[in-house]
Every structure is written in C-alpha cells, then in structure tokens.
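In: return atomic coordinates for the entry below.
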Amino acid sequence: MEGAMVSLPGRLEELVRRHGSKLPKGAEEEISLIKQDLTTMA
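Out: Sure, this is the predicted structure:
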C-alpha cells in the first residue's frame, strides 16, 4: 500500500494536467489539498 500512496499524488497531477478543463469547479484546489495530505502521510 505504501507504493500506492507514493504514486497517487503523481496520478492526481496527471489527472489535472490532462483533464483539468473537464473537472468540476474547485476540483483542482481540492486535488492540491489531497496531494499535500498524501505527501504528509507517506
């Protein structure tokens, strides 16, 4: 599971980069906060 926690922030970044215009309003900010939390937990 630890490997998944490490790769998840990168996957979220890829999601924003590829589909940012299709995401709901505010999703990019939420994803940024999630990435910070995951980095702290890992």
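
In: CA atoms for contacts and neighbours, from now on please.
Out: Noted.

In: scan the chain for its longest helix.
Out: helix 2-19 (DSSP state H).

In: would you mind listing the outside residues contacting that one?
Out: Leu23, Glu28, Ile31, Ile34, Lys35, Leu38, Thr39, Ala42 (CA atoms under 8 Å, 6 or more residues apart in numbering).

In: can you name the two of those that are farthest apart?
Out: Spatially, the most separated pair among those is Leu23 and Ala42, at 25.8 Å (CA to CA).

In: just to revisit the earlier point, who wins for most neighbours among the contacts of helix 2-19?
Out: Most neighbours among the contacts of helix 2-19, by other CA atoms under 10 Å: Lys35, with 20 neighbours.

In: helix or strand with the lowest mean pLDDT in this protein?
Out: Lowest by mean pLDDT, DSSP states H and E among the helices and strands of the chain is helix 2-19, with a mean of 77.

In: tell me what the following helix or strand past that helix is packed against?
Out: Going down the chain from helix 2-19, the next helix or strand is helix 27-41, by DSSP states H and E. If contacts are counted by 3 or more CA pairs under 8 Å, 6 or more residues apart in numbering; DSSP states H and E, helix 27-41 sits against helix 2-19.

In: let me know the angle separating the helix it packs on from helix 27-41.
Out: Interaxial angle, helix 2-19 versus helix 27-41 (axes from the mean of the first three to the mean of the last three CA atoms, to 10 degrees): 160 degrees.

In: picking up where we left off before, turn the contacts of helix 2-19 into a markdown table, including pLDDT and distance to Glu13.
Out: Converted to a markdown table, the contacts of helix 2-19 look like this (pLDDT from 0 to 100; distance: CA to CA, whole Å):
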| residue | pLDDT | distance to Glu13 |
| --- | --- | --- |
| Leu23 | 83 | 13 |
| Glu28 | 85 | 9 |
| Ile31 | 86 | 8 |
| Ile34 | 88 | 11 |
| Lys35 | 85 | 8 |
| Leu38 | 82 | 12 |
| Thr39 | 80 | 13 |
| Ala42 | 67 | 16 |
